[in-house]
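**Student:** The following comprises the amino acid sequence and a computationally predicted model.
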Amino acid sequence: MQLIGVVGINGSMRLLLAVVCGVAVASVYAGQPVLGQMGLDLSVPVDAVGWFVAAGQLGYLVGLIFLVPLGDMLDRRRLIVLHLVLVAAGLVVVAIAPAAWVAFAGLAMAGLFAVVVQTVIAYAAAISAPSERGRNLGIVTSGVVIGILGARILAGFLADQWGWRSIYIVLAILAATLALLVPTLLPTDVRPGVAKYGVLIRSFAGLFARPVFLSRGLIAFFLFASFGALWSGMALPLADSPWHLSETQIGLFGIAGLAGALGAARAGRWADARHGHRVTGIALLILLASWLAIGQLGWSLDLLVLGVVLLDFAVQAIHVSNQHMLTTIYADKASTTIGAYMVFYSLGSALGAAATTAPYATAGWTGSVIIGAAFAAGGLIVWAISLRTAKRATRPDRRRMAEPHSGRDIYR
């Protein structure tokens, strides 16, 4: 087996991996600021347009279960290339879709292979020194949030200029271009005979019985349900009275989200310093508080911007802390672990996207805000329950916390 950990990771590699993450995840979320336009063009009613995002998330869920574990037995570099090519193919299907069902199928296909994000994250964790793992993961996973939010800015502009289909054409070109760059700039990652596929799938399922994994997964579920409730629902009230904003103007709110996400860039270093539990609790409180500001959308865009910044700061800080913790505990099966963890992300994002538009249709933005805040509160409750267990589990091992490889004991 080739041990790529000795290769290390440099700045250009981190940047490329972050960009791959950004483009892949953008393929799932790019439609959020133009849901209304997509619905009109493809004859989908307003209370169902959230399914344009949910379809990609459901495809993502399938990929997490059946594709991501392959990263623990095959060359991750080749998987990254193959998945990028297939993401591009799915995006082309969406761009030329003559009917809603074709668009749903293309989005599901793009989402299925967008799990390249998890292969990239596992790859980055594997080639990082333990003392730098959090920092590297923080930079690489920032591409995820930047992709989700940056896609809004690009999507809004492109939709205003050339219609919503142009968004998917541009993303397809970017994914295909990255597929050409990856073999040139990244080292191979061959691991023949590490584990059989069936063993990895059973290992995948077994993770859900592990207390630390389950608590971090449930926090991610509520975290991304809250995130999805905002970003899948916000376009509707902003396009309506009293604001009547264009797709480009709505997309610009992604800048506020980017500011919040980048503000959490130090989350990886906090995780390296073993502050993951504390950071998660503080960030969940910030997430809940953000909905107080977001709820003022009806009369104040300034407070909405503040809420968006706070929400995305919290999301990035928690997400990096979760992944650092899990790849430290389960370093020998990083791809499988990240894939299993992201099942919670996918289910939460799909729920948030699908759940926010229905209450908006009946109760306006207040209904969507209540849903988003309830998801945030759910994450905080899970964290509070898990904190006592974590403290009880780590107390007997305090003398081992200074050992070089004690990450498993610290987080267990």
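**Tutor:** Here it is on my side, so go on. Numbering: from 1, shown residues only.

**Student:** Now do the strands in this structure.
**Tutor:** Residue ranges of strands cannot be listed for the chain, since DSSP state E assigns none.

**Student:** show me what contacts the residue positioned nearest the centre of it?
**Tutor:** If you average the C-alpha coordinates of the chain and look for the closest C-alpha using CA atoms, centre = their mean, you land on residue 144, 5.6 Å from that point. With contacts defined as CB atoms under 8 Å, 6 or more residues apart in numbering, the neighbours of residue 144 are 21, 22, 25, 117, 319. Yep, even glycine has a C-beta here, placed from its N, CA and C like the rest.

**Student:** roughly how far apart are it and residue 352?
**Tutor:** When distance is defined by CB to CB, to the nearest Å, residue 144 is 16 Å away from residue 352.

**Student:** cool, and residue 72?
**Tutor:** Distance check for residue 72 against residue 352: by CB to CB, it reads 29 Å.

**Student:** Residue 206: how many residues sit nearby?
**Tutor:** Residue neighbour count, defined by other CB atoms under 10 Å, stands at 12 for residue 206.

**Student:** Find the residue ranges of the stretch 51-200 of the chain scoring beneath the pLDDT cut-off.
**Tutor:** Counting by pLDDT under 70, the low-confidence segments of the stretch 51-200 of the chain come to 190-195.

**Student:** quick one: which of residue 72 and residue 352 has more around it?
**Tutor:** Using other CB under 10 Å as the criterion, residue 72 and residue 352 rank with residue 352 on top: 30 against 25.

**Student:** tell me the mean pLDDT over stretch 257-264?
**Tutor:** Confidence for stretch 257-264, expressed as mean pLDDT, is 76.

**Student:** Report the buried residues of it.
**Tutor:** Of all the residues in stretch 257-264, those buried under the rule 16 or more other CB atoms under 10 Å are 257, 258, 260, 261, 264.

**Student:** got a list of what the first one touches?
**Tutor:** Taking CB under 8 Å, 6+ apart as the criterion, residue 257 is in contact with 145, 148, 149, 152, 231, 308, 309, 311, 312.

**Student:** Quick check: of those, which lies closest to residue 49?
**Tutor:** Comparing these against residue 49 with CB to CB picks out residue 231 as the nearest, at 13.3 Å.

**Student:** pLDDT score for the closest one?
**Tutor:** At residue 231, the pLDDT recorded in the model is 82.

**Student:** Can you name the residues that contact the closest residue to it other than its chain neighbours?
**Tutor:** Beyond its immediate neighbours in the sequence, the residue positioned closest to residue 231 (CB to CB, 6 or more residues apart in numbering) is residue 32, lying 5.3 Å away. For residue 32, the set of contacting residues under the criterion of CB under 8 Å, 6+ apart consists of 53, 152, 155, 231, 232, 235, 353.

**Student:** now do residue 120
**Tutor:** When the contact criterion is CB under 8 Å, 6+ apart, the partners of residue 120 are 17, 20, 21, 24, 76, 80, 140.

**Student:** Surely residue 315 is in contact with residue 227?
**Tutor:** Yes. Contact between residue 315 and residue 227 holds when scored by CB atoms under 8 Å: they sit 5.2 Å apart.

**Student:** Who wins on neighbours among the contacts of residue 257?
**Tutor:** Per-residue neighbour counts (other CB under 10 Å) across these peak at residue 311, which has 30 neighbours.

**Student:** Report pLDDT for that one.
**Tutor:** On pLDDT, residue 311 comes in at 94.

**Student:** Next, give me the two most distant ones among the contacts of residue 32.
**Tutor:** Of all pairs drawn from these, the widest gap by CB to CB lies between 155 and 353 and measures 15.1 Å.

**Student:** Which two of the contacts of residue 144 have the greatest separation?
**Tutor:** Pairwise distances across these peak at 14.2 Å for 22 and 319 (criterion: CB to CB).

**Student:** How much space separates residue 203 from residue 184?
**Tutor:** Using CB to CB, one obtains 33 Å as the distance from residue 203 to residue 184.

**Student:** Which one's more surrounded, the two?
**Tutor:** The residue with more neighbours, out of residue 203 and residue 184, is residue 203; 18 against 7, by other CB under 10 Å.

**Student:** Name the nearest residue to the more buried one, sequence neighbours excluded.
**Tutor:** The spatially closest residue to residue 203, leaving aside those adjacent along the chain, is residue 336, at 5.6 Å (CB to CB, 6+ apart).

**Student:** Now for the one you found, how many residues are close by?
**Tutor:** When neighbours are defined as other CB under 10 Å, residue 336 has 28 of them.

**Student:** ok, it to residue 346 distance?
**Tutor:** From residue 336 to residue 346 the distance is 15 Å (CB to CB).

**Student:** Same check on residue 22?
**Tutor:** According to CB to CB, residue 22 stands 17 Å off from residue 346.

**Student:** higher neighbour count, these two?
**Tutor:** Counting neighbours by other CB under 10 Å for residue 22 and for residue 346 shows that residue 346 has the greater number, 27 against 23.

**Student:** Now that that one has come up, it's in contact with residue 61, right?
**Tutor:** Yes. Between residue 346 and residue 61 a contact is recorded at 4.2 Å, counting by CB under 8 Å.

**Student:** Got the phi and psi for residue 67?
**Tutor:** Per-residue torsions, residue 67: phi -110, psi -40 (degrees, to the nearest 10).
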